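Asks: Give me coordinates for this.
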Amino acid sequence: MEGLLFGTAYGNCAGKVSDAPTALRWYPSQVFGYGLALNQTRIDFDGNNGDVSLDSLLESASEFTAFAIPGLQ
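Replies: As a prediction, the model looks like this:
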């Protein structure tokens, strides 16, 4: 799944920034958990009828701890 964060076009130039986050959480107890996440951000730009272009993919992984309050949703 990819979400468009920003996109624009002006004259012969067009560009967009999109983001695709994925996370997995595991709660061994009711209030404390662990998680792993992968994030991909794509920057795409085309200008001057294709003479100038940029297509960059940024990837990052992270791990985290998570807390939950029982009864809240």
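
Asks: so what's the closest residue to residue 43 other than its chain neighbours up against?
Replies: Using CB to CB, 6 or more residues apart in numbering and skipping residues adjacent in sequence, the residue nearest residue 43 is residue 56, 4.6 Å away. For every residue, glycine as well, the C-beta is placed using N, CA and C. Counting by CB atoms under 8 Å, 6 or more residues apart in numbering, residue 56 makes contact with 42-44.

Asks: between those residues, which has the most around it?
Replies: When neighbours are taken as other CB atoms under 10 Å, the top entry among the contacts of residue 56 is residue 42 (17 neighbours).

Asks: Hmm, that one is touching residue 57, no?
Replies: Yes: proximity of residue 42 to residue 57 meets the contact threshold set by CB atoms under 8 Å, at 5.3 Å.

Asks: Distance from the chain centre to stretch 9-24, please.
Replies: How far stretch 9-24 lies from its chain's middle: 10 Å, per CA atoms, centre = their mean, to the nearest Å.

Asks: Kindly format the C-alpha coordinates of that stretch as CSV.
Replies: Presented in CSV, the C-alpha positions along stretch 9-24 are these (Å, rounded to 0.1, in the frame of the first residue of the first chain):
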residue,chain,number,x,y,z
ALA,A,9,2.6,19.7,-11.7
TYR,A,10,3.6,23.0,-13.2
GLY,A,11,4.3,23.6,-16.9
ASN,A,12,6.6,20.8,-18.1
CYS,A,13,7.5,19.8,-14.5
ALA,A,14,5.7,17.2,-12.3
GLY,A,15,6.7,15.5,-9.1
LYS,A,16,5.3,13.5,-6.2
VAL,A,17,6.4,12.2,-2.8
SER,A,18,4.8,9.0,-1.6
ASP,A,19,5.1,6.9,1.5
ALA,A,20,4.6,3.2,2.2
PRO,A,21,4.9,2.3,5.9
THR,A,22,4.6,-1.3,7.3
ALA,A,23,4.7,-2.2,11.0
LEU,A,24,4.3,-5.4,13.0
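
Asks: Having no further points to raise, I will conclude here.
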